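S.K.: Have a look; sequence and predicted model below, questions after that.
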Number of protein chains: 4
Amino acid sequence: MATEYTHKRRVQFYETDAAGIVHFSWFFRYMEEAEHALWREAGLSIHAPDSPLGWPRVGAACEFHRPLKFEQEFDVTIRVTEITSRTMSYACEMTQDGRRIATGTLKIACVSKEPDGGMTSVEIPGDIARRFKPSETPTSNLRPPASARAAAGKATSHE
Amino acid sequence: MATEYTHKRRVQFYETDAAGIVHFSWFFRYMEEAEHALWREAGLSIHAPDSPLGWPRVGAACEFHRPLKFEQEFDVTIRVTEITSRTMSYACEMTQDGRRIATGTLKIACVSKEPDGGMTSVEIPGDIARRFKPSETPTSNLRPPASARAAAGKATSHE
Amino acid sequence: MATEYTHKRRVQFYETDAAGIVHFSWFFRYMEEAEHALWREAGLSIHAPDSPLGWPRVGAACEFHRPLKFEQEFDVTIRVTEITSRTMSYACEMTQDGRRIATGTLKIACVSKEPDGGMTSVEIPGDIARRFKPSETPTSNLRPPASARAAAGKATSHE
Amino acid sequence: MATEYTHKRRVQFYETDAAGIVHFSWFFRYMEEAEHALWREAGLSIHAPDSPLGWPRVGAACEFHRPLKFEQEFDVTIRVTEITSRTMSYACEMTQDGRRIATGTLKIACVSKEPDGGMTSVEIPGDIARRFKPSETPTSNLRPPASARAAAGKATSHE
């Protein structure tokens, strides 16, 4: 059962912009990379070849505290904050040597993929929902105390 | 004096993902494209070659209402919602034939670029701030009534 | 019947990198944008919702002559150079105020999309092949003389 | 002294397109990721903060043999094929479980960054050129025999 995952990453050159720092759009991709790694940690693929389900994003937000530059290494920690019957929410923190770089949130919905390419909101199947355990830390608190972090089903790996 | 700008856009193939729709990270880029077009409309470049100033993003958020697909045409309307001494905020609405696709916000800060590559928060120069007029519609209301839109210094152009 | 298309474009900020110029990977996307505009000009979509066909790239190459920077406007001219029973080839030239920025080639194949997600090479349907007329200029000559350009079914439009 | 590097990678969702496979533009980014890892292996950064030098690409080409899909893992092996006084060339092979996915080439030039943002071709400094040893395998042969690979200063690591 997965609650949190820390994805290790290095800034690639094509992620930087003419201001010399990572373009802000990339932080949303970093969050998603960590989300998908969390799903793999939970034994799932968020886009399995034969699955009739899809997981479009319904909302995403990020605050940018410090810039990242080419070749810098950083951590992306994502945590499940809430699971409702049809949605999942995450909080995400990006850090570099312990310093906060960015903090964000992501909310996704479970949909059924229609033959015509459309999507219909459906309930999250139990065998998927059971793989995740929302953090007991309030959603608004992106930085839980160390004790809460130790208690959660935390995973960290280098990819 | 610029308040609002509508940027016309067509979905490119590389913006779609394996779910068959535009990847959510692109909506943040669409917002930025519209922002930079608004600045050009105001007679400015947000990244002028000789400028000692930079405009990093301090926050960005987006809600996704409907998917966009390959080759579809849509509008990105961005509106200045607030200018403080050191920051500017925008609200953005993406529509397709009048239907709401996504709504977002963007907040940027004015910084001085240091020789070592660092950035220091500085006040927005008056000759830049004077080029923009925040909308009188409250920030929280992304969809101003038609009358407010008519009253604002609205620009629309196809690029 | 389409032979050539000129796609007008402006450099977006997220296309630049920390060297202050457009990242080289974007030139391949510029070529593809022009290719898809050429197909629209020919009355076709290269990725029509109901089509059982796909058009994966089998080869792409580009030479970079001059850098492009933020907000610069440039032209992407793509030309069909060869159509075989199963492939199409293009030559592409990117220019800025008449100066050559980059030149490239692209080769695509026609495939049938299999239910399992696989792809099988198939012949290009006649009603698609007939929409394109390869340039009579030799493939190796990216810059045909003005007379050849005038003779070809040339299209130019701003998007 | 570095000759070859194998960069391990997993396909991210935002790298796929509506055809369900990695968009071809990404293969050029994969090559560059491997190139920059090769430079780190050689004890260098290709974009060091204080360096007056830049390394723009002068040419890039890729042939696409098999598609890659979401979450698949693959290897990107890059090899220095030639160093002249002002340029470096690489050959690159992308494989998945030993099967060839794509093969490409990349040529870069050494430039001096001018204060006005321009670039002037310059000779590669000896202390950089000495860190790389071109493969003795002919450039045209992307797949050297095992003996040649064993003889070269090969590095492999997971990032």
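M.R.: Structure's in. What do you need? Given the structure is predicted, the values throughout are model-derived calculations rather than measurements.

S.K.: Quick check: phi and psi at the most centrally placed residue in chain A.
M.R.: Closest residue to the average C-alpha location of chain A: A:E35 at 3.2 Å, with Cα atoms, centre = their mean. The phi/psi pair for A:E35 (degrees, to the nearest 10) reads phi -60, psi -50.

S.K.: lowest-pLDDT helix or strand in chain A?
M.R.: Across the helices and strands of chain A, mean confidence by mean pLDDT, DSSP states H and E is lowest for helix A:146-151: a mean of 43.

S.K.: quick one on the thing from earlier: residue contacts, the closest residue to the residue nearest to the centre of chain A other than its chain neighbours?
M.R.: In this structure, A:E35 finds its nearest non-sequential neighbour in A:I78, 5.5 Å apart by Cβ to Cβ, 6 or more residues apart in numbering or on different chains. From N, CA and C alone the C-beta is placed, and that goes for glycine too. A:I78 is in contact with A:E4, A:Y5, A:H7, A:M31, A:A34, A:E35, A:L38, A:Y90, A:A91, A:C92, A:L106, counting by Cβ atoms under 8 Å, 6 or more residues apart in numbering or on different chains.

S.K.: re earlier: check the contact between the residue nearest to the centre of chain A and A:L106; I expect there is one.
M.R.: Yes. Assessed by Cβ atoms under 8 Å, A:E35 is found in contact with A:L106 at 6.5 Å.

S.K.: Overlap in contacts, these two.
M.R.: With Cβ under 8 Å, 6+ apart as the test, A:E35 and A:L106 both reach A:I78, A:Y90.

S.K.: And for A:D50, the neighbour number?
M.R.: Neighbour count of A:D50, defined by other Cβ atoms under 10 Å in any protein chain shown: 6.

S.K.: can you map out the strands along chain A?
M.R.: Assigned by DSSP state E, chain A shows strands spanning A:4-10, A:53-54, A:57-64, A:73-83, A:87-96, A:99-109, A:111-113, A:119-121, A:154-157.

S.K.: For the residue with the largest distance to the centre of chain A, give me phi and psi.
M.R.: Distance from the C-alpha centroid of chain A peaks at A:D116, with 28.8 Å (Cα atoms, centre = their mean). Phi and psi for A:D116, reported as degrees, to the nearest 10, are phi -80, psi 10.

S.K.: Which neighbouring residues are in contact with A:Q12, exactly?
M.R.: So A:Q12 contacts A:F70, D:R29, D:E32, D:E33, D:H36 (Cβ under 8 Å, 6+ apart).

S.K.: Which of those fall within helices?
M.R.: D:R29, D:E32, D:E33, D:H36 (DSSP state H).

S.K.: Quick one: end-to-end length of stretch A:39-54, please.
M.R.: 14 Å (Cα to Cα, to the nearest Å).

S.K.: quick one: average pLDDT of it?
M.R.: Throughout stretch A:39-54, pLDDT has a mean value of 96.

S.K.: Residues touching it, excluding its own?
M.R.: Taking Cβ under 8 Å, 6+ apart as the rule, stretch A:39-54 contacts A:1-2, A:5, A:35-36, A:55, A:110-113, A:119, A:122, A:125, A:128, A:131-132, A:155, A:157, B:18-19, C:117, D:13, D:69-71.

S.K.: Let's see that with 7 Å instead.
M.R.: A:2, A:5, A:36, A:55, A:110-113, A:119, A:128, A:131-132, A:155, B:18-19, C:117, D:13, D:70-71 (Cβ atoms under 7 Å, 6 or more residues apart in numbering or on different chains).

S.K.: before we move on, what about stretch A:14-22?
M.R.: Taking Cβ under 7 Å, 6+ apart as the rule, stretch A:14-22 contacts A:11, A:23, A:26, A:67-70, B:47, B:54, B:56, B:117, C:13-14, C:16-18, C:20, C:23, C:25, C:70, D:29, D:32.

S.K.: which among the residues you listed end up buried?
M.R.: A:11, A:23, A:26, A:67-70, B:47, B:54, B:56, C:13-14, C:16-18, C:20, C:23, C:25, C:70, D:29, D:32 (16 or more other Cβ atoms under 10 Å in any protein chain shown).

S.K.: Which positions in chain A make contact with chain D?
M.R.: A:10, A:12-14, A:29, A:32-33, A:36, A:45, A:47, A:70-71, A:159 (Cβ under 7 Å from any Cβ of the partner chain).

S.K.: repeat that for 8 Å
M.R.: Within reach of chain D by Cβ under 8 Å from any Cβ of the partner chain, chain A has these residues: A:10, A:12-14, A:29, A:32-33, A:36, A:40, A:45-47, A:49, A:69-71, A:158-159.

S.K.: The closest residue to A:T87 other than its chain neighbours: neighbouring residues, count only.
M.R.: Excluding the flanking residues, the one nearest A:T87 by Cβ to Cβ, 6+ apart is A:A109, at 5.1 Å. When neighbours are defined as other Cβ under 10 Å, A:A109 has 19 of them.

S.K.: ok, now the one 5 residues further on?
M.R.: When counting by other Cβ under 10 Å, one arrives at 11 neighbours for A:E114.

S.K.: Check the contact between it and A:T120; I expect there is one.
M.R.: Yes. Look at A:E114 against A:T120 with Cβ under 8 Å: they come within range, at 6.2 Å.

S.K.: Mutual contacts of these two, please.
M.R.: If you check A:E114 and A:T120 against Cβ under 8 Å, 6+ apart, no residue is contacted by both.

S.K.: Kindly present the strands of chain A as a markdown table, with separate columns for distance to D:C62.
M.R.: Output for these, formatted as a markdown table (distance: least, Cβ to Cβ, whole Å):
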| stretch | distance to D:C62 |
| --- | --- |
| strand A:4-10 | 23 |
| strand A:53-54 | 30 |
| strand A:57-64 | 31 |
| strand A:73-83 | 28 |
| strand A:87-96 | 31 |
| strand A:99-109 | 33 |
| strand A:111-113 | 31 |
| strand A:119-121 | 33 |
| strand A:154-157 | 30 |
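
S.K.: For B:I101, which of the ones you listed is the nearest?
M.R.: strand A:57-64 (12.6 Å; Cβ to Cβ).

S.K.: Off-centre distance for that closest one?
M.R.: 10 Å (Cα atoms, centre = their mean, to the nearest Å).

S.K.: so where's chain A uncertain?
M.R.: Counting by pLDDT under 70, chain A shows low-confidence ranges at A:137-159.

S.K.: Contact residues of it facing chain B?
M.R.: Checking chain A against chain B by Cβ under 8 Å from any Cβ, the hits are A:18-21, A:24-26, A:28-29, A:32, A:47, A:54, A:56-64, A:67, A:69, A:113, A:117, A:119.

S.K.: please redo it, this time with the cut-off set to 6 Å
M.R.: A:19-20, A:24-25, A:28-29, A:54, A:57-64, A:117 (Cβ under 6 Å from any Cβ of the partner chain).

S.K.: Would you point out the most distant pair within the residues you listed?
M.R.: Top of the distance list for those (Cβ to Cβ): A:G20 and A:G117, 40.3 Å.

S.K.: Now do the residue in chain A positioned nearest to chain B against chain C, distance only.
M.R.: Per Cβ to the nearest Cβ, A:A61 is where chain A lies closest to chain B, at 3.7 Å. Using Cβ to the nearest Cβ, to the nearest Å, one obtains 19 Å as the distance from A:A61 to chain C.

S.K.: these two touch, right, that residue and A:K107?
M.R.: No. Under the criterion of Cβ atoms under 6 Å, A:A61 makes no contact with A:K107, lying 9.1 Å away.

S.K.: what does chain A have sitting close to chain C?
M.R.: Counting by Cβ under 6 Å from any Cβ, chain A sits next to chain C at A:Y14, A:T16, A:D17, A:A18, A:G20, A:H23, A:S25, A:F70.

S.K.: 7 Å - rerun?
M.R.: Checking chain A against chain C by Cβ under 7 Å from any Cβ, the hits are A:F13, A:Y14, A:T16, A:D17, A:A18, A:G20, A:H23, A:S25, A:P49, A:F70, A:G117.

S.K.: Which one of those is nearest to D:G98?
M.R.: For the residues of chain A next to chain C, the nearest to D:G98 is A:P49 (21.5 Å; Cβ to Cβ).
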